[in-house]
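Undergrad: Okay, here's the prediction I keep looking at, along with the sequence it came from:
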Amino acid sequence: MTSIETRLQTLPPEVRRTLRSYVDEVTERFGPSLQAVILYGSAAGGDFLPGRSNLNLLLLLSQCDGATLQRYGKAHRRWSKEGLVVPLFLSETDLRASAEVFPLEYIEMKEQHVLLAGRDPFSDLPIDLRHVRLQCEQEIRGNLLRLRQRFVEGAGTQEAIMMLLPLSLTALLPCLRGLLRLMGLPIPQGAEALLSNMSSSLGFDSQVLQEVLGLKRGQISPGPLETPRLFERYLASLQSLVQRLERLKAEGRL
């Protein structure tokens, strides 16, 4: 069994069937202009949750003009019902020219993806870790600012908090992996192992982040009294992470 098949075996059978059908259709739809179909995100990294996670795909095309996008748009309604979000449409030129702009996203894809068809554009894609550090800091600080803003927009209701916290954590996880890469530390496989490792690797208490992971996975459901407390603790934890980031920079570890 190839490594691709091994990684796909962790997905439910119906998801694997969907991906096979998808690859067949886009191959027929785009013909030789389709250079690669790449699965990334939770489905490629072992954190896929049936009924909760989306399927994230990248289509590498020789050109991404309006006619090409319209050709795909005719089929998207069907695939969205199967949990496939609109894919990233990139040409080889797009990918290489934007590596400095989206280093964190691309290094995540480079280290954790499944090539479903075509050639792998990430095999020789250079990514400068200096750009990763800048984006990690920007994303972590931006996460904190957005969390405050959206909490106010949602009037601080339980429903708003239950949506905000999983979204914030989802955006934070790649940053935590990025920090470990910058420090030359091993990256645990899966979100649960990653968060459990934060105390020893970054000197950061991630207990509340682990609770929010349980919320995201539907494993816990805090009531109306505990939900605001969970938000306060998560907000304080994110602020603490920003402070920890500053100390790591001052120590020359980033």
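TA: Right, received. Where do you want to start?
Undergrad: The closest residue to S221 other than its chain neighbours: helix or strand, and which one exactly?
TA: Using C-beta to C-beta, 6 or more residues apart in numbering and skipping residues adjacent in sequence, the residue nearest S221 is L215, 7.5 Å away. Backbone N, C-alpha and C define where each C-beta goes, glycine included. Using DSSP states H and E, L215 falls within helix 207-216.
Undergrad: name the helices or strands packed onto that helix?
TA: helix 158-182, helix 191-196, helix 226-250 (3 or more C-beta pairs under 8 Å, 6 or more residues apart in numbering; DSSP states H and E).
Undergrad: For it, buried residues please.
TA: Under the neighbour-count criterion of 16 or more other C-beta atoms under 10 Å, helix 207-216 has V208, L209, Q210, E211, V212, L213, L215, K216 buried.
Undergrad: Equivalent analysis for stretch 15-32, please.
TA: V15, T18, L19, Y22, V23, V26, F30.
Undergrad: any idea how far E14 is from S200?
TA: S200 sits 38 Å away from E14, taking C-beta to C-beta, to the nearest Å as the criterion.
Undergrad: returning to that earlier point: which of the buried residues of stretch 15-32 sits closest to N54?
TA: Using C-beta to C-beta, V15 is the member of the buried residues of stretch 15-32 that lies nearest N54, at 10.9 Å.
Undergrad: thought the residue nearest to S221 was touching T227?
TA: No. If you go by C-beta atoms under 8 Å, L215 and T227 don't touch, sitting 9.2 Å apart.
Undergrad: Check the contact lists of these two and give me the overlap.
TA: M162 (C-beta atoms under 8 Å, 6 or more residues apart in numbering).
Undergrad: And the helices in the stretch 51-200 of the chain, which stretches?
TA: 66-80, 92-97, 103-111, 129-153, 158-182, 191-196, 198-202 (DSSP state H, counting those that start in this stretch).
Undergrad: and D120, how many residues sit next to it?
TA: When neighbours are defined as other C-beta atoms under 10 Å, D120 has 14 of them.
Undergrad: Going forward, the N-terminal residue is numbered 36.
TA: Right, with 36 as the first residue, what we last looked at is D155.
Undergrad: residues in contact with it?
TA: Counting by C-beta under 8 Å, 6+ apart, D155 has contacts A71, I73.
Undergrad: gap between S275 and S241?
TA: S275 is 10 Å from S241, by C-beta to C-beta.
Undergrad: if you skip the residues just before and after it, what's nearest to S203?
TA: Using C-beta to C-beta, 6+ apart and skipping the chain neighbours, the partner closest in space to S203 is L182 (5.2 Å).
Undergrad: pretty sure that neighbour is touching S272, no?
TA: No. Judged on C-beta under 8 Å, L182 makes no contact with S272 at a distance of 10.9 Å.
Undergrad: Let me know how buried the closest residue to F266 other than its chain neighbours is, in neighbour terms.
TA: Spatial nearest neighbour of F266, excluding adjacent residues (C-beta to C-beta, 6+ apart): I196 at 4.8 Å. Neighbourhood size, I196 [other C-beta under 10 Å]: 21.
Undergrad: Let me see the contact set for I196.
TA: Contacts for I196 (C-beta under 8 Å, 6+ apart) come out as F186, G189, T262, P263, L265, F266.
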